[in-house]
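S.K.: Could you look at this predicted model? Sequence included:
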Amino acid sequence: MQADGFVPYHERNIVLIGFMGAGKTTIGKVLAAKLSREFIDVDELISTERGMPVTEIFRTLGEEAFRRMEKEYIRELCLQKRDAVLSVGGGAFLQEEIRDLCMANAAVFLMDIPWEQWKTRLPLIRDSRPILQNKTDEEIRALYETRQAIYERHHFKVDAGSQTPEAAAQAMADWLNERQ
Ligand SMILES: Nc1ncnc2c1ncn2[C@@H]1O[C@H](COP(=O)(O)OP(=O)(O)O)[C@@H](O)[C@H]1O
Ligand SMILES: O=C(O)C1=C[C@@H](OP(=O)(O)O)[C@@H](O)[C@H](O)C1
Ligand SMILES: [Mg+2]
């Protein structure tokens with residue numbers, strides 16, 4: 001910690017944010033290995049601890065219940081961990097408290113992907129994301145556009161559309177190194 005109380009970014013947890021399918025889970029694993037840090041995917045943690053996949057939590061308990069769990073887990077992780085790489089769900093930053101917690105306690109990296117590139121990911125994730133079920137392509141596009149506002153709060157933006165996961169992870173590692 002510095003004299004003014006500011007905790008340097010390389011001493012904080014890393015939180016990866018961005019739209020579904022941007023590559024948070026994939027890139028997060030690569031980044032954690034590169035930095036020799038623990039990797040935690042918050043969706044996977046919730047599924048494991050609740051004993052059911054996220055789709056099942058949405059179906060049986062509803063989105064509101066999932067959002068409450070998401071907030072509790074992220075709050076605990078932000079307060080208990082210091083050197084983990086956390087991949088949070090694409091909807092986590094809908095909650096102001098999560099945005100504030102992460103911005104104050106972590107280095108927040110946005111996995112940014114333009115719509116034209118994101119469209120090619122849709123077939124890969126369509127069946128496994130409850131938020132995408134029963135939505136037309138137009139509705140998904142509208143969701144993509146409205147979600148961009150919540151991703152404006154970040155410390156560093158990474159091109160996750162045209163780069164490999166390795167290159168995206170390296171860009172984040174370089175950013176942190178430059179700030180040591
Ligand atoms: N940089 C990339 N280039 C190409 N495909 C990618 C890239 N990053 C992720 N993917 C693929 O996109 C899909 C969604 O990735 P995932 O990491 O689950 O995204 P998120 O966690 O942001 O929802 C997966 O099939 C993954 O293999
Ligand atoms: O954007 C969202 O609202 C969601 C994104 C998902 O995570 P990914 O961003 O890893 O797909 C998962 O948390 C849940 O299905 C809700
Ligand atoms: Mg994910």
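M.R.: Looks like it arrived, so ask away. Ligands and ions are numbered 1, 2, ... in the order given.
S.K.: out of all of them, which strand in the chain is the longest?
M.R.: What stands out as the longest strand in the chain, according to DSSP state E, is strand 106-112.
S.K.: other SSEs contacting the following helix or strand past it?
M.R.: Helices and strands here follow DSSP states H and E; after strand 106-112, the next one along the chain is helix 115-125. Secondary-structure packing of helix 115-125 (3 or more CB pairs under 8 Å, 6 or more residues apart in numbering; DSSP states H and E): helix 137-147. For the C-beta atoms, the positions are set from N, CA and C on the backbone; glycine is no exception.
S.K.: Buried ones in the helix or strand that the helix it packs on is followed by, by neighbour count?
M.R.: Sequence order places strand 156-159 as the next helix or strand after helix 137-147, per DSSP H and E. Buried positions in strand 156-159, judged by neighbour count with 16 or more other CB atoms under 10 Å: 156-158.
S.K.: Can I get strand 156-159 as PDB, trimmed to CA atoms?
M.R.: Output of strand 156-159 as PDB, limited to C-alpha atoms (Å, rounded to 0.1, in the frame of the first residue of the first chain):
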ATOM      1  CA  PHE A 156      -7.800  -1.400 -18.700                       C
ATOM      2  CA  LYS A 157      -9.500  -2.500 -21.900                       C
ATOM      3  CA  VAL A 158      -8.200  -5.600 -23.800                       C
ATOM      4  CA  ASP A 159      -9.000  -6.500 -27.400                       C
END
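S.K.: now that strand, how far from the chain's geometric center?
M.R.: Chain-centre distance of strand 156-159: 12 Å, with CA atoms, centre = their mean, to the nearest Å.
S.K.: Neighbouring strands - and their directions - for it?
M.R.: For strand 156-159, the pairing partners within the sheet under DSSP bridges are strand 106-112 (parallel).
S.K.: Closest one of the buried residues of strand 156-159 to ligand 3?
M.R.: residue 158 (15.0 Å; CB to the ion).
S.K.: so who does the closest one touch?
M.R.: Residue 158 is in contact with 27, 109-112, 168, 171-172, counting by CB atoms under 8 Å, 6 or more residues apart in numbering.
S.K.: Which among those count as buried?
M.R.: In the contacts of residue 158, the ones that pass as buried (16+ other CB under 10 Å) are 27, 109-112, 168, 171-172.
S.K.: Using TSV, please lay out the residues you listed together with distance to ligand 2 and pLDDT.
M.R.: Listed next are the buried ones among the contacts of residue 158 as TSV, based on distance: CB to the nearest ligand atom, whole Å; pLDDT from 0 to 100:
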residue	distance to ligand 2	pLDDT
27	11	98
109	14	99
110	12	99
111	9	99
112	13	98
168	15	98
171	20	98
172	17	98
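S.K.: Can I get the residues you listed in JSON lines including distance to residue 145?
M.R.: Compiled in JSON lines, the buried ones among the contacts of residue 158 are given as follows (distance: CB to CB, whole Å):
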{"residue": "27", "distance to residue 145": "23"}
{"residue": "109", "distance to residue 145": "21"}
{"residue": "110", "distance to residue 145": "16"}
{"residue": "111", "distance to residue 145": "17"}
{"residue": "112", "distance to residue 145": "14"}
{"residue": "168", "distance to residue 145": "22"}
{"residue": "171", "distance to residue 145": "25"}
{"residue": "172", "distance to residue 145": "25"}
